[in-house]
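Engineer: Sequence and predicted structure are below.
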Amino acid sequence: MDQVYPPLVQYLDELQLKQDDTILVPLCGKSMDIQWLLNKGFKVIGVEVSEKAVTELRSALNLNFTKHTKGHFKVFKSDDIQLWLGDFLTMQPSFLPKIDAIYDKAALIALPPQKRKPYAATIKELCSSTTRMFLNCFEYPQETMSGPPFAVFKEELERLYGEQFLIKLLHRQPMLDQLSKFKQRGLKDFLDEKVYLLTPKNE
């Protein structure tokens, strides 16, 4: 996107964050949202498998990074940001500080069905007892268009996260008319963008 994701701006307060809290952004790509979160005073940890995306993000941030390795990851660090280059599914809780929030912007829906359960398992391992999550999904008839992005409905979110989290719908917006490229890929019935807030059940 060429702008900060509007629902993030609208619903950030739902995450109940404080200055210097740490936000994990899985499959972060080269999202402009990272700079916006840094400007808000948060610490950000982005994880991305594409070296090209990490290189372009580092360039866009225009910060001085140090580099080291941890496990299978190359890690680039600056004052309030860490960029981990590697496979998110190999991330271990011992690698990271306490995670206060997770910003899943089209990460889960980038994955085919067989990878979503391992992805969610990794997410849950990285959460503390107070970690909250902002999660963005698309809903559409999967049989009419191949992903990514894949269709993920609330029923699947309940299977993946419902044991640990309460799942609350924050935002719904029909997007079929705005995303004409999906029509060209065969989508014609509906396309709904949804944003959920996940809060720990033991909170």
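Structural biologist: Received it, and whenever you're ready, just let me know what you need. Model, not experiment: these values are computed from the prediction.
Engineer: only C-alpha atoms for contact and neighbour calcs from this point on.
Structural biologist: Noted.
Engineer: I am assuming residue 202 contacts residue 129, so please confirm or correct that.
Structural biologist: Yes: under the criterion of Cα atoms under 8 Å, residue 202 makes contact with residue 129 at 7.3 Å.
Engineer: Looking at the two now, which is surrounded by more residues?
Structural biologist: residue 129 (15 against 9; other Cα atoms under 10 Å).
Engineer: Now the more buried one: closest residue in space, sequence neighbours ignored.
Structural biologist: Computed as Cα to Cα, 6 or more residues apart in numbering, the closest residue to residue 129 that is not its neighbour in sequence is residue 200, at 6.7 Å.
Engineer: wait, what's in contact with residue 117?
Structural biologist: Contacts for residue 117 (Cα atoms under 8 Å, 6 or more residues apart in numbering) come out as residue 160.
Engineer: Tell me the spacing between it and residue 202.
Structural biologist: Residue 117 is 22 Å from residue 202, where distance means Cα to Cα, to the nearest Å.
Engineer: next one: residue 18
Structural biologist: Here residue 18 is placed at a distance of 20 Å from residue 202 (Cα to Cα).
Engineer: And residue 19, by the same measure?
Structural biologist: The spacing between residue 19 and residue 202, counted by Cα to Cα, is 23 Å.
Engineer: Quick one: mean pLDDT for the strand or helix carrying residue 136?
Structural biologist: Using DSSP states H and E, residue 136 sits within strand 132-139. Here strand 132-139 scores 97 as its mean pLDDT.
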